[in-house]
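*Asks:* Got a sequence here, can you model it:
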Amino acid sequence: MDIPVEIQNFIRVWFAAIGALCFCYYFLTRIPSGIFRLFFVLPIVYFFLILPLDLSSFHLGAPTIFYLVWLANFKLLLFCFDQGPLSSYSSLPLLHFLSIALLPVRAKHVTRVDDNNRRDREVVSDKHVIRDNNNKPIVIPQVKSEPIVTGTKIVSDRPLVQEKAFKRKYISEGKEFVSNKDATRDGSKISTHSCLIWVKLILLGAIIWAYNYRELLHSNVILVLYCLHVYLAVELILGLTVVPARALLGLEIETQFNDPYLATSLQDFWGRRWNLMVPGILRPSVYFPVRAISTRVLGKELAKLPAIFATFLVSGLMHELIYYYLSRARPTWEVTWFFVLHGICVCVEVTLKKVLGGGWQINRVVSGVLTLGFVAWTGDWLFFPQIIRNGLDQKAINEYYVLVGFFKDRLLPVLGF
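*Replies:* Numbering: from 1, shown residues only. The predicted structure is shown next:
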């Protein structure tokens, strides 16, 4: 891999993407939402689909594919119908619009309920209505002590009894609920988070070093290393790419991972802990529309099952597409079946929880081991074979050594070392 050429291609791809989104910001926002706007957005979607084909490296290509082909395209499709994070485009400066479209960030807003209206009312900011993931205005009932709303994070100073009911309502709608007591701890978490980043970097380096002795390791040990490698690499790479947007524009970084190793069920793992940018964009683009359609046919209780399955199916197809970009090999559909299988299992899990209620629960330690064991086993069966067969694992490992050599031979002399 010629690093200077690859970096030039990388810069060219991203400047092209930024140019396309500037066209959306200055021209497409003037077009009425709906099918007519979709007609003009589809060429941009196609453009984003072909842009990553100019990249051959794993570590520059994978984030670019994820951001352009998946996140940006889905956000643009939602934008056609005034849905999703770009629906408030009229109040967003250009740089904020570009960052929110291309990266897993969101605008940070702090608003209070208007005290002039004593009835139930929308939470409004100076610029736009705060909406949930289904683009519906957040309605908060009249109480003496009103909450503060920051984006999709609800910070409450209500009495305890009211807070519990409020918490259940907003968690059920996919929002993060934080009491004032928890909110005061945010500052203390920053230093802890920084330490964890360094620990994860060291652990990732140790895993890469261990690959030198792969022929001496048991297959189960290699499987554990692969699982840890995917988790650490995805979290660190995606996290580092959005730091400039947060530092320069004050945007809020979307939560990426929430300690997935503590998951106690598949629903918990995929919905609340693993790569949360994906369910965050699939809920408004796939889950909510399918559930709304299914409700008319199956009723409210059963409608969530086809919605869950459709969400996992789309996720599988998008992963298959990412694999194609990285390997340029003909799809064999194992990774799609991986997500189809997990979609079926989550549907079964949701149904069993509904039937059994809270009367029968497995110990959290046992359920955690079973959950992670099932994810690892099915990953070894369906998720990793395409990676290993196409040499993507070795390609990623080799790039680490190439980058280290490039840093030592090219950058250190420039810095005077």
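*Asks:* Check what pLDDT the residue nearest to the spatial centre of the chain gets.
*Replies:* Centroid check for the chain by CA atoms, centre = their mean gives Met277 as the closest residue, at 1.1 Å. For Met277, the pLDDT comes out at 88.
*Asks:* what separates the closest residue to it other than its chain neighbours from Lys75, distance-wise?
*Replies:* Among residues not flanking Met277 along the chain, Pro104 sits closest, at 4.4 Å (CB to CB, 6 or more residues apart in numbering). Yep, even glycine has a C-beta here, placed from its N, CA and C like the rest. Distance, Pro104 to Lys75, using CB to CB, to the nearest Å: 10 Å.
*Asks:* Which parts of the stretch 151-300 of the chain are strands?
*Replies:* 153-156, 176-179, 252-253 (DSSP state E, counting those that start in this stretch).
*Asks:* mind listing what the last one pairs with, with the direction of each?
*Replies:* Read it as strand 252-253. Sheet pairing here is set by DSSP bridges, and for strand 252-253 it gives strand 105-106 (antiparallel).
*Asks:* Using PDB, write down the CA coordinates of stretch 83-101.
*Replies:* What follows is stretch 83-101, C-alpha atoms only, in PDB (Å, rounded to 0.1, in the frame of the first residue of the first chain):
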ATOM      1  CA  GLN A  83     -37.000  13.100   9.600                       C
ATOM      2  CA  GLY A  84     -33.800  12.200  11.500                       C
ATOM      3  CA  PRO A  85     -31.000  14.400  12.800                       C
ATOM      4  CA  LEU A  86     -30.900  16.600   9.700                       C
ATOM      5  CA  SER A  87     -34.600  17.600  10.000                       C
ATOM      6  CA  SER A  88     -33.700  20.800  11.800                       C
ATOM      7  CA  TYR A  89     -31.500  22.000   8.900                       C
ATOM      8  CA  SER A  90     -33.100  25.500   9.000                       C
ATOM      9  CA  SER A  91     -31.400  26.200  12.400                       C
ATOM     10  CA  LEU A  92     -28.100  24.500  11.700                       C
ATOM     11  CA  PRO A  93     -25.000  26.400  10.500                       C
ATOM     12  CA  LEU A  94     -23.300  24.800   7.500                       C
ATOM     13  CA  LEU A  95     -20.400  23.200   9.500                       C
ATOM     14  CA  HIS A  96     -22.900  21.700  11.900                       C
ATOM     15  CA  PHE A  97     -25.000  20.300   9.100                       C
ATOM     16  CA  LEU A  98     -21.900  18.700   7.500                       C
ATOM     17  CA  SER A  99     -20.700  17.200  10.800                       C
ATOM     18  CA  ILE A 100     -24.100  15.800  11.700                       C
ATOM     19  CA  ALA A 101     -24.600  14.300   8.200                       C
END
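*Asks:* So what touches that stretch?
*Replies:* 18, 21-22, 24-25, 29, 72, 74-76, 78-79, 105-107, 127-128, 131, 135, 245, 249, 251, 281, 284-285 (CB atoms under 8 Å, 6 or more residues apart in numbering).
*Asks:* Filter those residues down to just the buried residues.
*Replies:* 21, 24-25, 72, 74-76, 78-79, 105-107, 128, 131, 245, 249, 251, 281, 284-285 (16 or more other CB atoms under 10 Å).
*Asks:* Apart from its chain neighbours, what residue comes closest to Ser57?
*Replies:* Glu6 (5.1 Å).
*Asks:* Same check on Ala62?
*Replies:* Leu326 (6.4 Å).
*Asks:* what's near enough to touch the one you found?
*Replies:* By CB under 8 Å, 6+ apart, the neighbours of Leu326 are 58, 61-62, 65, 390, 392.
*Asks:* re earlier: per-residue confidence for the residue nearest to Ser57?
*Replies:* pLDDT, Glu6: 89.
*Asks:* model confidence over stretch 38-45, on average?
*Replies:* So the average pLDDT for stretch 38-45 ends up being 95.
*Asks:* contacts for that stretch?
*Replies:* Taking CB under 8 Å, 6+ apart as the rule, stretch 38-45 contacts 20-21, 23-24, 27-28, 31, 73, 76-77, 79-81.
*Asks:* Secondary structure for those - can I get that in a markdown table?
*Replies:* Compiled in a markdown table, these are given as follows (DSSP: H, G, I helix; E, B strand; the rest coil):
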| residue | secondary structure |
| --- | --- |
| Ala20 | helix |
| Leu21 | helix |
| Phe23 | helix |
| Cys24 | helix |
| Phe27 | coil |
| Leu28 | helix |
| Ile31 | coil |
| Asn73 | helix |
| Leu76 | helix |
| Leu77 | helix |
| Phe79 | helix |
| Cys80 | coil |
| Phe81 | coil |
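*Asks:* Just name the closest of those to Val230, please.
*Replies:* For the contacts of stretch 38-45, the minimum distance to Val230 (CB to CB) is 22.9 Å, reached by Asn73.
*Asks:* The closest one: neighbour count?
*Replies:* Using other CB atoms under 10 Å, Asn73 has 23 neighbouring residues.
*Asks:* List the contacts of it.
*Replies:* With CB under 8 Å, 6+ apart, Asn73 has these contacts: 45, 48-49.
*Asks:* By neighbours, which of the residues you listed wins?
*Replies:* Busiest of the contacts of Asn73 [other CB under 10 Å] is Phe48, holding 25 neighbours.
*Asks:* Do I have it right that that residue meets Ile18?
*Replies:* No - taking contacts as CB atoms under 8 Å, Phe48 lies outside contact range of Ile18: 11.5 Å.
*Asks:* tell me the contacts of the closest residue to Arg246 other than its chain neighbours?
*Replies:* Take Arg246 and drop its neighbours on the chain: the residue closest to it by CB to CB, 6+ apart is Ile253, 5.3 Å away. Under the criterion of CB under 8 Å, 6+ apart, the neighbours of Ile253 are 104-105, 239, 242-243, 245-246.
*Asks:* who does Ile253 bridge with?
*Replies:* Val105.
*Asks:* ok, now how distant is it from His59?
*Replies:* 20 Å.
*Asks:* so the residue nearest to Ala62, which of the three states?
*Replies:* Quick answer, by three-state DSSP: Leu326 is helix.
*Asks:* try Pro85
*Replies:* coil.
*Asks:* Ok, Pro32 next?
*Replies:* Applying three-state DSSP: Pro32 is coil.
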